[in-house]
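A.B. asks: following is a predicted model, sequence given first.
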Amino acid sequence: MMNSRFKPNFRLNRLNRYIQSNHIHGGGLHKKPTKKPRPHKLTRNQLRTPIPFLTHLKQCQNPDEFLSVFHDFCDTGYKHDYPSYASLTYKLARARKFDDVEAVLDFLRTHDIRCGEPLFIGLIRHYGKTGAADRALEVFSEMGKSFNCVRTLQSFNTILNVLADNDRVSDAVKLFGDAPKLRFRLNSVSFNIMIKMWLEKGDWENAKKVFDEMLEREVEPTVVTYNSQIGFLCKRGDVDSAKRLFEDMRTKGRRGNEVTYALLMEGLCASGRFDEAKKVMFDMEYHGCKVHLKNYGVLLTDLAKRGLIDEAKSLLVEMKKRRIKPDVVMYNILIGYFCKQGAASDAYKLLVDMQVKGCKPNAATYRMVVDGFCKIEDFIGGVKVLRAMMYSNHFPRIETFCCLCIGLFRGGKIDEACFVLEEMNKRRMSLDWDSWETIVRESCADDEFVIARFDDVFSCV
């Protein structure tokens, strides 16, 4: 039995431990001292010393002034370096100021300034986008001569892709064949470019030859290599050959991605094999590929095309069960179908529903619904959606504005028509002559309208 004289100390110790464990001090709660936040680690760009020329160039909004800013800094004795030349060339090329680009290249050539390969790769791509494949080829040739820049396989693949995109088939074939002479060892990207080029020309035989050559040279095909061929076969209607190629791909240890499965599913849906396409999608995860919205979008598009809206809605419910949230593209598929079928009110309900569920409509969503209301001549409904559209900083096409104006005037909705005209005027848009002629003709048919409201209409313009 415990001695009584030790009991008070024992109880006191228990009380102290209780107080400490519950952070009680002086009858109130004891607050833990807050930890100081760890200092934010600066990024590499933040640690760099700002380059005055680049700072000034970023602030310049007029492309005509880019080159003059460059020369102004030169006149003050400022020494430009590679980042300055690269940024200037990129901004000029993006603004399609190629005469100024040539002036910069002449400056580099004259002063024997060595620049990195990324500058010329970006320039070659911009020339290719504008259709100037010849000039892009010249820049590639001059890289190792006039500009003392080492060309790698990356710049070779860039110019090869430019030639393929600009339908310069013979030049692309010649450059591809000359790769060993130019001391380039072709990789999967090089072969993918050539395969893509032949498939876009509809030449399956030549594309197959390039693929066989790829295997002979022991260049590992990528998922892109297979996707381009599977997509071509599916579009051509040869889905069974596409499936065999897909199985061959898996046999060789190459996994397909969501694009691979989407291409197969599109081919199956186009050939009326929807159930098989759905099975392919559910087999994805078994083969180690996660189902994406793209795959559900293929099924949803096919159901909408066939008018199976109840099945399409069930598919959305199924997505929700699998915790896959539909995006704006999927909603647009259904909204587009409703609008084409003249069910603009259903499209509007879906527009509201998608916002309630946290999906933000884009410009295409609003445009389809507004055009859908115009199609069924419910112009008041169109104006209602137009207001919401502009509140979201999206705007319809000029054709939609014209259709709304004419429809509202014909229906005698002058206030709404004036609202549309005012919004057009704010955005410096105007009706064409045919639309004005229709409005005047419809208006003048009603004598009371001419007397009472004609001035009001033109005050809106």
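C.D. replies: Thanks, I have it.

A.B. asks: and V298, how far is that from T110?
C.D. replies: 56 Å (Cβ to Cβ, to the nearest Å). No exception for glycine: its C-beta is placed from N, CA and C like everyone else's.

A.B. asks: these two: which is more packed in?
C.D. replies: The neighbour comparison of V298 against T110 (other Cβ atoms under 10 Å) goes to V298, with 25 against 8.

A.B. asks: can you name every helix or strand that the helix or strand that that one is a member of contacts?
C.D. replies: Under the criterion DSSP states H and E, the helix or strand holding V298 is helix 293-305. Packing contacts for helix 293-305, counted by 3 or more Cβ pairs under 8 Å, 6 or more residues apart in numbering; DSSP states H and E, involve helix 258-270, helix 274-282, helix 309-321, helix 328-340.

A.B. asks: kindly export it (C-alpha atoms) in PDB.
C.D. replies: Extracted in PDB, the C-alpha atoms of helix 293-305 (Å, rounded to 0.1, in the frame of the first residue of the first chain):
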ATOM      1  CA  LEU A 293     -11.100  13.100 -72.100                       C
ATOM      2  CA  LYS A 294     -10.000  12.700 -75.700                       C
ATOM      3  CA  ASN A 295     -11.200   9.000 -75.700                       C
ATOM      4  CA  TYR A 296     -14.600   9.800 -74.200                       C
ATOM      5  CA  GLY A 297     -14.800  12.600 -76.700                       C
ATOM      6  CA  VAL A 298     -14.600  10.200 -79.600                       C
ATOM      7  CA  LEU A 299     -17.500   8.100 -78.200                       C
ATOM      8  CA  LEU A 300     -19.600  11.200 -77.400                       C
ATOM      9  CA  THR A 301     -19.000  12.700 -80.900                       C
ATOM     10  CA  ASP A 302     -20.200   9.400 -82.500                       C
ATOM     11  CA  LEU A 303     -23.300   9.300 -80.400                       C
ATOM     12  CA  ALA A 304     -24.200  12.900 -81.100                       C
ATOM     13  CA  LYS A 305     -23.700  12.400 -84.900                       C
END
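
A.B. asks: buried residues, that helix. List them.
C.D. replies: L293, K294, N295, Y296, G297, V298, L299, L300, T301, D302, L303, A304 (16 or more other Cβ atoms under 10 Å).

A.B. asks: next, the angle helix 274-282 makes with it.
C.D. replies: Counting by axes from the mean of the first three to the mean of the last three Cα atoms, to 10 degrees, helix 293-305 lies at 170 degrees to helix 274-282.

A.B. asks: run through who's touching helix 293-305.
C.D. replies: Identification of contacts with helix 293-305 by Cβ atoms under 8 Å, 6 or more residues apart in numbering yields 258-259, 261-262, 265-266, 269, 274, 277-278, 281, 284, 309, 311-312, 315-316, 319, 324, 326-327, 329-330, 333-334, 336-337.

A.B. asks: if we can go back for a sec, out of the helices and strands packed on helix 293-305, nearest to F184?
C.D. replies: helix 258-270 (28.0 Å; Cβ to Cβ).

A.B. asks: what pLDDT, on average, does the closest one get?
C.D. replies: Average pLDDT, helix 258-270: 95.

A.B. asks: helices or strands up against it?
C.D. replies: With contacts taken as 3+ Cβ pairs under 8 Å, 6+ apart, helix 258-270 sits against helix 223-235, helix 239-251, helix 274-282, helix 293-305.

A.B. asks: circling back to that earlier point, could I get the buried residues of helix 293-305 as TSV with distance to L137?
C.D. replies: Below are the buried residues of helix 293-305 laid out as TSV (distance: Cβ to Cβ, whole Å):
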residue	distance to L137
L293	40
K294	36
N295	40
Y296	43
G297	39
V298	39
L299	44
L300	44
T301	40
D302	43
L303	47
A304	45
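
A.B. asks: returning to that earlier point: how far is the helix holding V298 from where the chain is centred?
C.D. replies: 19 Å (Cα atoms, centre = their mean, to the nearest Å).

A.B. asks: which residues are in contact with the residue lying closest to E377 once chain neighbours are set aside?
C.D. replies: Leaving aside its sequence neighbours, E377 sits nearest to G407 (Cβ to Cβ, 6 or more residues apart in numbering; 6.1 Å). Contacts for G407 (Cβ under 8 Å, 6+ apart) come out as C374, E377, F379, G382.

A.B. asks: now do the same for G407: its pLDDT.
C.D. replies: As predicted, G407 sits at a pLDDT of 85.

A.B. asks: quick check: mean pLDDT of the helix holding V298?
C.D. replies: The average pLDDT for helix 293-305 rounds to 93.

A.B. asks: same question for stretch 336-344.
C.D. replies: Averaging pLDDT along stretch 336-344 gives 91.

A.B. asks: give the contact list for the nearest residue to A207 once chain neighbours are set aside.
C.D. replies: Of all residues beyond its chain neighbours, the one nearest A207 is W198 (3.8 Å), with distances taken as Cβ to Cβ, 6+ apart. Taking Cβ under 8 Å, 6+ apart, we find W198 in contact with W204, N206, A207, V210.

A.B. asks: distance of the residue nearest the centre of the chain relative to Y337?
C.D. replies: Closest residue to the average C-alpha location of the chain: V329 at 11.9 Å, with Cα atoms, centre = their mean. Distance of V329 to Y337, given as Cβ to Cβ: 13 Å.

A.B. asks: report the buried residues of stretch 342-357.
C.D. replies: Across stretch 342-357, burial judged by 16+ other Cβ under 10 Å covers A343, A344, D346, A347, Y348, L350, L351, M354.

A.B. asks: does the last one touch D327 like I think?
C.D. replies: By that I understand M354. No - here M354 does not reach D327: they are 9.5 Å apart, not a contact under Cβ atoms under 8 Å.

A.B. asks: just the CA trace of the helix or strand that contains T365, in PDB.
C.D. replies: Assigned by DSSP H and E, T365 belongs to helix 363-375. Extracted in PDB, the C-alpha atoms of helix 363-375 (Å, rounded to 0.1, in the frame of the first residue of the first chain):
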ATOM      1  CA  ALA A 363     -16.100  31.600 -77.300                       C
ATOM      2  CA  ALA A 364     -17.200  28.600 -79.500                       C
ATOM      3  CA  THR A 365     -19.800  27.600 -76.900                       C
ATOM      4  CA  TYR A 366     -21.500  31.000 -76.900                       C
ATOM      5  CA  ARG A 367     -21.300  31.400 -80.700                       C
ATOM      6  CA  MET A 368     -23.000  28.100 -81.300                       C
ATOM      7  CA  VAL A 369     -25.900  28.900 -78.900                       C
ATOM      8  CA  VAL A 370     -26.400  32.500 -80.300                       C
ATOM      9  CA  ASP A 371     -26.300  31.100 -83.900                       C
ATOM     10  CA  GLY A 372     -28.700  28.300 -82.700                       C
ATOM     11  CA  PHE A 373     -31.200  30.900 -81.500                       C
ATOM     12  CA  CYS A 374     -30.800  32.900 -84.800                       C
ATOM     13  CA  LYS A 375     -31.500  29.700 -86.700                       C
END
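
A.B. asks: angle of that helix against helix 328-340?
C.D. replies: Using the same axes, to 10 degrees: helix 363-375 against helix 328-340 is 10 degrees.

A.B. asks: buried stuff in helix 363-375?
C.D. replies: Here helix 363-375 shows T365, Y366, R367, M368, V369, V370, D371, G372, F373, C374 as buried, counting by 16+ other Cβ under 10 Å.
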